[in-house]
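Novice: Next one to model:
(chains A and B)
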Amino acid sequence: MIEIEHLTKRYGAHTAVSDLSFQVEQGQIYGFLGPNGAGKSTTMNIMTGCLSATEGHVRIEGHDIFDEPDKAKRLMGYLPEQPPLYLNETPEEYLRFVGEAKGLRGDALARQMDGIIEQTGIGAMAHRRISTLSKGYKQRVGVAQALLGSPKVIILDEPTVGLDPIQIIEIRDLIKELGRTHTVIFSSHILSEVQAICDQIIMIAKGKLAAFDTPENLERRLLAPNELVLTAETDEEALAGLLAGMEFISAAQMERTGEGRLTAHIRTDRTDIYEASRAVFFAFAQRGIPLLELTPKKANLEDIFLELADDGDAQPETAPDAGHDTESGVEEE
Amino acid sequence: MSAVLRHELKSYFHSLTAYVFGAFLLLAVGLGCLRYNLRAAVSNFEFALADFCVVLAIIVPILTMRVLAEERRQRTDQLLYSLPITTTQVVAGKYLALLAVYLVPLCVVAAYPLIFARYGDVYLPTAYGAILAFFLMGAALIALGMFLSSLTESQGFAAGIGISAILLNYFSVSLSEYVSSTAFGALVTICVLILALGALIRHLTKNENMALGAGIALLALTGAAYYLAPAKFEGLLPRVMSRLSLFERFYTIVNGVFDMTAVVYYLTVIIFFLFLSVQSMEKRRYN
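Specialist: Below is the predicted model of the structure:
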């Protein structure tokens, strides 16, 4: 569907995107994840023809965005980070212009506009000036604009930024709904959001591909810090003695978190974290020490994210195959 | 292109822009008519047209200041880049819409000679020739204004530079009397211009070698030309300055000579600045 090959964008000495390659298949929702300044917007701008690439290719169904921009652009709908709205027009006038520019006329245009206005839920606002609309509605008008011309791919750059929690949920639902009929690529730096609605996660850091996998796989791959957090009602001596008696614990840290309460972070070499928690539970029960909390610590994408952001700093930018090395995922610690 | 044209026309005619522009243009022409045709009872309509034509230096930049700058400020240029239309189509559509805004009041003006003809002897060919030339001159100024608007995202800046550029052009004939007419003066000026061009190329392309190469090549050419034919440089500066004046060519037509070179010159200026506008928009895509 979309092929991105060795995409590189340099601004003078600064490399915003470096040798990025990945492929997007039809009918899935892709989350494009990365810290601010990782090159998400730059990549999306290049994919949609708003920006030129220094090197590399972007092909949409075989049409190169630089050589056949007209054909390639017709297959895509794009909502940039800041919705490109003409503020003193109504959504209706605005969508009419975009539709006409995408080559729609007459009945076909009217039909599509009606459908999209209904789908994005802007019907009540269709005749108000865009400048008077709330941010959530402006975002919806932006999405509506991207949907015109029945593109196969919808590309949304940070569609939930600056919205209130209710609007965020509404936009997410809209994205999920779009995912049923379109290929959707949307960028975000909010991990839970990407985890919740994406089929695939494309993670980039410092302009390089850091990971490309399903949210479940990424999590599984990173569910291995093998750490348990426990809180018990006891004193340091007793807890230290108890923990020392458990041979599967490789490291432990204790801290006092309340009157007669201690919290310990323990690491284990067991591969099955739940087996370790069971053993801990019985050990405490035998001694009659009340266990107030016992949590197997899962790695979440947040950790991956922070790790990647750090890695990006450490890696020299010239490493030619850095993108491919980590393509299959993120190494375990 | 038709989508852009329609969209722009709607925005001009649904807001005050087109009407305010038209009102000021009609006011200027009306004052000219009042002075020449009504008060002084001169039957030549073209003089009335020429009388206040400097008003274009104010109203054209104000009309054109937002055309591309505002797209950039509101980030709607991103939409234009991502739509399946070319930059050339965008620029052409916007330019045609501006021309339409300019043409509407001129259609009203076109009725004046006919009205005057009912009360006196008006020589219509020169009147309509002058209206055509007035249209072409305005069209050239609009193209210039559009280019200036493409350079910035500040409307005020676009308007300010536009007004000064057009005023400079308006006064260039009188100013040309004050510039050095010696061959050496021309040489120095050309060298300064070449250096400025080199700096501009460097700024636009961020390519030092290209800027340096172009600058040195042009300086060498100029030096060679000066060495071989210094006589050609004599009085070159004032000559070029008066030649560049868009207004001076309009006055030639007003004075009854329908000079085809003026028409060609106006068309060249239009194409030149539209081309630059497209390049300026495209350049943003290439950073």
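Novice: Now the element after the host helix or strand of B:Y170, going C-ward?
Specialist: Assigning secondary structure by DSSP states H and E places B:Y170 in helix B:155-176. Downstream of helix B:155-176, the next assigned helix or strand under DSSP H and E is helix B:183-205.
Novice: Do you know the pLDDT at A:A322?
Specialist: What the model reports for A:A322 is a pLDDT of 36.
Novice: Low-confidence stretches in the chain?
Specialist: Using chain A here. A:220-225, A:298-333 (pLDDT under 70).
Novice: Actually, chain B is the one I wanted.
Specialist: B:287.
Novice: Just the buried positions in the helix holding B:Y170, please.
Specialist: For helix B:155-176, burial by neighbour count (16 or more other C-beta atoms under 10 Å in any protein chain shown) applies to B:155, B:158-159, B:161-163, B:165-166, B:169-170, B:172-173, B:176. Just so you know, the C-beta spots here come from the backbone N, C-alpha and C atoms, and that holds for glycine as well.
Novice: what does stretch B:46-53 give?
Specialist: B:46-53.
Novice: next one: stretch A:232-246
Specialist: A:232, A:234, A:239, A:242-243.
Novice: Among those, find me the one that's closest to B:F24.
Specialist: Ranked by distance to B:F24 (C-beta to C-beta), these are led by A:A232 at 83.8 Å.
Novice: And what about the closest one, helix, strand or coil?
Specialist: strand (DSSP: H, G, I helix; E, B strand; the rest coil).
Novice: Can you get me a residue count around A:T268?
Specialist: A:T268 has 22 neighbours, counted by other C-beta atoms under 10 Å in any protein chain shown.
Novice: Return the residues in contact with it.
Specialist: A:226-228, A:248-250, A:276 (C-beta atoms under 8 Å, 6 or more residues apart in numbering or on different chains).
Novice: mind giving me the domain split of chain A?
Specialist: A:2-214, A:225-297 (automatic domain parsing).
Novice: Show me how far the first one is from its chain's centre.
Specialist: Yep, that's domain A:2-214 we're talking about. Centre-to-centre, domain A:2-214 and its host chain are 13 Å apart (C-alpha atoms, centre = their mean, to the nearest Å).
Novice: start to end distance for that domain?
Specialist: Criterion C-alpha to C-alpha, to the nearest Å; first-to-last residue distance in domain A:2-214 is 18 Å.
Novice: Hmm, A:R128 and A:N88 touching each other?
Specialist: No: A:N88 lies out of contact with A:R128 (C-beta atoms under 8 Å); the separation is 11.3 Å.
Novice: Just the terminal-to-terminal distance for stretch A:145-163.
Specialist: 18 Å.
Novice: which other residues reach the longest helix along chain A?
Specialist: Secondary structure of chain A per DSSP state H: the longest helix is helix A:165-181. Helix A:165-181 is touched from outside by A:27-29, A:119-121, A:134-136, A:139-140, A:143, A:147, A:154, A:156, A:159-160, A:163, A:184, A:186, A:193, A:196-197, A:199, with contacts defined as C-beta under 8 Å, 6+ apart.
Novice: related to what we said a few turns ago, contacts with chain A among the buried residues of stretch B:46-53, please.
Specialist: Checking those against chain A by C-beta under 8 Å from any C-beta of the partner chain, not one of them is in range.
Novice: Take those residues and keep only those in helices.
Specialist: Per DSSP H, these map to helices at B:46-51.
Novice: ok, back up a step: pull the most distant pair out of the buried residues of stretch B:46-53.
Specialist: B:E46 and B:F52 (12.8 Å).
Novice: Point me to the residue of the stretch 101-250 of chain B nearest chain A.
Specialist: B:K206 (6.5 Å; C-beta to the nearest C-beta).
Novice: In space, what's closest to that residue - neighbours in sequence excluded?
Specialist: In this structure, B:K206 finds its nearest non-sequential neighbour in A:G12, 6.5 Å apart by C-beta to C-beta, 6 or more residues apart in numbering or on different chains.
Novice: from the stretch 151-287 of chain B, which residue is nearest to chain A?
Specialist: B:Y286 (4.7 Å).
Novice: and that residue, what does it touch?
Specialist: With contacts defined as C-beta under 8 Å, 6+ apart, the neighbours of B:Y286 are A:S52.
Novice: Would you list the phi and psi of the closest residue to B:E177 other than its chain neighbours?
Specialist: Using C-beta to C-beta, 6+ apart and skipping residues adjacent in sequence, the residue nearest B:E177 is B:P238, 6.7 Å away. Backbone torsions of B:P238, given as degrees, to the nearest 10, read phi -60, psi -30.
Novice: Close to chain B: what parts of the stretch 1-150 of chain A are there?
Specialist: So the stretch 1-150 of chain A meets chain B at A:11-12, A:45, A:48-52, A:69-71, A:73-74, A:76, A:78, A:80, A:82, A:84-89, A:93, A:97-98, A:100-103, A:145, A:149 (C-beta under 8 Å from any C-beta).
Novice: Select from these every entry located in helices.
Specialist: Per DSSP H, the subset of these in helices is A:45, A:69-71, A:73-74, A:93, A:97-98, A:100-101, A:145.
Novice: Chain A contacts on the stretch 101-250 of chain B?
Specialist: So far as C-beta under 8 Å from any C-beta goes, the stretch 101-250 of chain B lies against chain A at B:K206.
Novice: A:K152 touches A:A146, doesn't it?
Specialist: No: look at A:K152 against A:A146 with C-beta under 8 Å: they stay out of range, at 11.9 Å.
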